[in-house]
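Participant: Okay, predicted coordinates and the sequence, questions at the end:
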Amino acid sequence: MKFAPSPLNDDYGHDLSADPVVTNKRKEFEHTLRIFILIAITVFSLLLLRVFYLQFIAGAEYQATSEENRVKLLPIPAMRGDIVDQNGVVMATSVPVYSVYLTHLDIKDKNTQNEVIEKLAQILGANDPKITPDYIRGQIKTMQTRMYEPVLIKTKLTESEVALIEERRAELPGIVVEKGPLRYYPPYEGTQMAGHLLGYVREISADELKRNNDENYRLGEMIGKFGLEKAYEKYLRGQDGYQQVEVNYLNRPIQQFYSQVPEPGNRLVMTIDVKVQKAMEDAMDEVLKRVQAENPKAQAGSGVLINVRTGAILAMVSRPGLNPNDFIGKLDQTTADYYFRSSPPAHINRAIQATYPPGSTFKPITAMAALDSGRLTPDEYMTCTGAYWEKPYIRCWSVHGPVNLNSAMAGSCNVYMQEAGRRAGIDNISRVARDFGLGQETGVLLPGEEQGLLPGKDWKRAWGSSYASNRYKARLLELQKRTEEQLQAAATEEEKQKIRKKDAQLRRVIEQDYNNDMTYWPYWQAFETYNTSIGQGRNQFTVLQLANYMATLANGGNRYQPYLVDRIESQDQKVIQKFAPTLINKVSVSPETMAAVRRSMLAVTEPRGTAHFLFSDFPFKVAAKTGTAETGQVGDDKERDYQGVFVAFAPYDNPEVAFAGIVEYGRHGGTSAGLVARSVFEQYFGLKSSNHASIMPAGRVEE
């Protein structure tokens with residue numbers, strides 16, 4: 001680009017174009033001007049290209065983004081699906097409740113908002129002192145970045161509160177009362193039922209939101225936290241609807257558009273029979289109350305009734321009890337302490353989340369192992385003199401004299417069962433116990449199931465090695481700490497030398513002890529077989545495992561996976577999914593051995609049996625086993641602090657159901673958990689209910 005030179009004169013008319021200084025300045029000016037023009041052209045070209053890109057290339061994308069920013073979707077919560085018993089009795093449902101919200105749709109300025117807040121606080125604060133103007137402002141502040149969403153002020157409004165708000169509607173622009181779902185667990189005949197089994201829902205946490213980011217959950221939404229509510233969350237939840245709302249650049253709503261109606265969740269039909277459930281819960285409460293009069297520690301227990309032919313659970317109870325309605329809303333301190341900090345804590349489902357030594361209820365396992373090994377016959381007699389003849393000479397609770405399988409089981413003879421265990425060997429005992437599902441999860445679809453512990457040689461090897469190593473390390477650390485303290489306190493080098501010499505000597509002693517420990521602790525000992533044979537020692541099982549073991553024995557050796565849900569239905573009761581019995585395994589024990597052991601358990605309820613008093617008036621035969629188990633708790637009285645354990649199945653001739661139960665510190669299984677079993681059988685089989693006190697034995701009962 002060229003510029004024509006123009007004449008350049010001074011004030012006197014002299015020509016300055018020939019002046020070299022002026023010529024250079026002119027050239028610099030022209031160069032700068034050229035650069036400026038080039039920059040201007042470049043900038044305008046880029047602007048034109050950007051406009052072209054936005055208008056013709058990315059126009060559709062930005063238009064969609066603009067629409068998304070302009071239109072917000074407000075969720076409309078779906079009704080959570082019901083949970084009902086096998087007969088259709090509703091045990092968990094969603095009920096409509098009124099909630100009051102503040103929206104920005106009809107509030108035009110700050111002054112109007114303040115007036116509305118003051119008037120609303122006046123109405124709601126009459127029944128709820130926490131609802132103050134500052135409280136409402138705080139709720140609004142938490143939603144500052146989502147002003148298009150209604151701000152929840154209070155839920156579960158009373159009828160009078162709804163009426164007052166409606167009467168003053170003209171004074172309360174932006175205030176909306178809406179009906180929405182709230183989870184509710186109705187009582188059955190005035191009593192809250194199956195709380196641990198049903199579980200409860202609460203607001204989703206930030207961690208749960210991350211774990212379920214593919215499931216379209218949102219903050220503030222309810223999610224199953226425990227029990228069936230958690231296990232079947234995806235079926236119960238339903239599909240939320242939504243309301244389209246147009247907002248401005250401040251995220252304030254301008255108008256409402258299209259609504260999508262929510263889809264309610266599915267219906268769970270349980271295998272539980274609520275009448276049987278109530279009989280079990282009432283009996284457990286009654287027994288605990290009676291036992292507490294003798295031992296105040298008796299605060300907890302659990303029981304399970306199971307269909308022996310399918311694995312369907314018909315009743316499950318855990319005490320202390322749990323009311324799922326307590327978890328709707330904020331837990332007060334007293335309630336939180338009851339569930340999580342009390343002793344025993346009420347939040348635990350003791351049927352699946354607590355493990356116990358089985359006591360004498362393990363003796364049928366020992367008997368099957370001995371019989372199936374061919375080293376014992378049902379008719380062989382042994383003589384009980386009150387203590388076993390091998391070290392450590394474990395006592396029997398009585399002197400039974402000559403006993404065979406039936407009389408030993410009927411009288412719960414420890415001597416007979418220890419000899420049976422010795423003959424069978426721990427490997428056979430462990431094999432049979434594993435076959436019947438002890439010391440392993442049952443597979444029931446409830447969160448938090450414990451595995452328990454079935455001791456044996458492999459377990460002892462791992463446990464013993466760990467125990468010896470940990471003991472060795474702890475002793476070395478203790479010695480090192482003590483030596484360092486002594487060295488710091490030593491005044492002379494001579495004293496320090498003595499301390500180091502003593503340290504070396506003690507290290508050699510610890511090393512020798514460790515070598516000795518490694519030749520003892522990892523190896524199974526004979527006395528451990530004797531303890532295991534009578535259900536003591538390291539045995540730890542859940543009540544559900546005991547119930548399923550009884551069911552497996554009763555049905556001839558088919559171990560099923562226990563289950564709680566029979567089917568899942570849509571809201572119009574069309575079956576979406578039906579659950580059938582699941583066979584886990586068939587036991588390796590022979591049918592003849594199982595028949596002999598079942599017959600010995602019948603003897604427990606016959607005359608001179610430890611549970612005869614419980615079922616002597618029943619119109620059919622019941623097979624059972626009582627148990628008295630050491631608690632293993634430090635500080636417990638070994639003369640009176642025992643767990644009462646009981647297992648049974650009925651009818652003996654054609655078994656339908658099996659029971660297992662425990663009363664912590666119940667001492668004797670027959671006079672504690674056995675009474676619960678009797679009440680449950682009465683309800684299930686439609687027998688006339690009896691007074692528990694009237695069937696209590698008059699004399700001393702042991703097992």
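Facilitator: Received the coordinates, thanks. Model, not experiment: these values are computed from the prediction.

Participant: where's S302, which helix or strand?
Facilitator: Using DSSP states H and E, S302 sits in strand 301-307.

Participant: and D513, what element?
Facilitator: Under the assignment here (DSSP H and E), D513 is part of helix 493-518.

Participant: distance between that helix and the chain's centre?
Facilitator: Centre-to-centre, helix 493-518 and its host chain are 49 Å apart (C-alpha atoms, centre = their mean, to the nearest Å).

Participant: Sketch out the low-pLDDT regions of this protein for me.
Facilitator: 1-23, 51-75, 104-106, 108, 144-149, 242-258, 689-703 (pLDDT under 70).

Participant: Domain boundaries for it, per the record?
Facilitator: 1-45, 72-191+243-267, 275-321+348-444+537-695, 457-523 (automatic domain parsing).

Participant: tell me the most buried of the ones you listed?
Facilitator: domain 275-321+348-444+537-695 (a mean of 21; mean count of other C-beta atoms under 10 Å). C-beta coordinates here come from the backbone N, C-alpha and C atoms, glycine included.

Participant: Please, where are all the strands along the stretch 351-500 of the chain?
Facilitator: For the stretch 351-500 of the chain, strands defined by DSSP state E, counting those that start in this stretch occupy the ranges 382-384, 401-403.

Participant: ignore the last one, the stretch 601-703 of the chain
Facilitator: Under DSSP E, counting those that start in this stretch, the stretch 601-703 of the chain gives strands at 623-630, 642-650, 657-663.

Participant: right, and those - which one's nearest A351?
Facilitator: Nearest of the strands of the stretch 601-703 of the chain to A351, taken as C-beta to C-beta: strand 657-663 at 8.8 Å.

Participant: Which strands or helices does the closest one pack on?
Facilitator: helix 274-294, strand 301-307, helix 543-554, strand 642-650, helix 673-684 (3 or more C-beta pairs under 8 Å, 6 or more residues apart in numbering; DSSP states H and E).

Participant: circling back to that earlier point, with distance to S398 added, can I get the strands of the stretch 601-703 of the chain in TSV?
Facilitator: Shown next, in TSV, are the strands of the stretch 601-703 of the chain (distance: least, C-beta to C-beta, whole Å):
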stretch	distance to S398
strand 623-630	12
strand 642-650	16
strand 657-663	22
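
Participant: Among the ones you listed, which comes closest to V444?
Facilitator: Closest approach to V444 among the strands of the stretch 601-703 of the chain (C-beta to C-beta): strand 657-663, 13.4 Å.

Participant: Direction included, what does that closest one pair against?
Facilitator: With DSSP bridges as the test, strand 657-663 is paired with strand 301-307 (antiparallel), strand 642-650 (antiparallel).

Participant: That strand vs helix 673-684, what angle?
Facilitator: 140 degrees (axes from the mean of the first three to the mean of the last three C-alpha atoms, to 10 degrees).

Participant: where along the stretch 301-450 of the chain do the helices fall?
Facilitator: Listed in chain order, the helices of the stretch 301-450 of the chain (DSSP state H, counting those that start in this stretch) span 333-336, 363-372, 405-411, 414-424, 426-435.

Participant: can I get these in CSV with distance to R508?
Facilitator: Supplementary listing: the helices of the stretch 301-450 of the chain in CSV, determined by distance: least, C-beta to C-beta, whole Å:
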stretch, distance to R508
helix 333-336, 53
helix 363-372, 44
helix 405-411, 51
helix 414-424, 39
helix 426-435, 35
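
Participant: of those helices, which approaches V276 most closely?
Facilitator: Among the helices of the stretch 301-450 of the chain, the nearest to V276 by C-beta to C-beta is helix 363-372 (24.4 Å).

Participant: and the angle for the closest one with helix 414-424?
Facilitator: Using the same axes, to 10 degrees: helix 363-372 against helix 414-424 is 40 degrees.

Participant: which parts of stretch 210-230 are buried?
Facilitator: Y217, E221, M222, I223, G224, K225, F226, G227, L228, E229, K230 (16 or more other C-beta atoms under 10 Å).

Participant: what distance separates the start and the end of it?
Facilitator: 16 Å (C-alpha to C-alpha, to the nearest Å).

Participant: right, and F327 touches K225 too?
Facilitator: Yes: applying C-beta atoms under 8 Å as the test, F327 and K225 come out as touching, 7.4 Å apart.

Participant: Quick check: neighbours shared by those two?
Facilitator: Counting by C-beta atoms under 8 Å, 6 or more residues apart in numbering, the common neighbours of F327 and K225 are Y200, V201, R202.

Participant: quick one: which of those is nearest I117?
Facilitator: Relative to I117, the closest of the shared contacts of F327 and K225 is R202; by C-beta to C-beta it sits at 28.3 Å.

Participant: Next up, the contacts around the closest one.
Facilitator: Counting by C-beta under 8 Å, 6+ apart, R202 makes contact with M222, I223, K225, F327, I328.

Participant: before we move on, back to that, G535 is nearest to which of the helices and strands packed on strand 657-663?
Facilitator: Smallest distance to G535 across these (C-beta to C-beta): 8.1 Å, for strand 642-650.

Participant: can you name the two of the contacts of R202 that are farthest apart?
Facilitator: With C-beta to C-beta as the measure, no two of the contacts of R202 lie farther apart than I223 and I328, at 13.1 Å.
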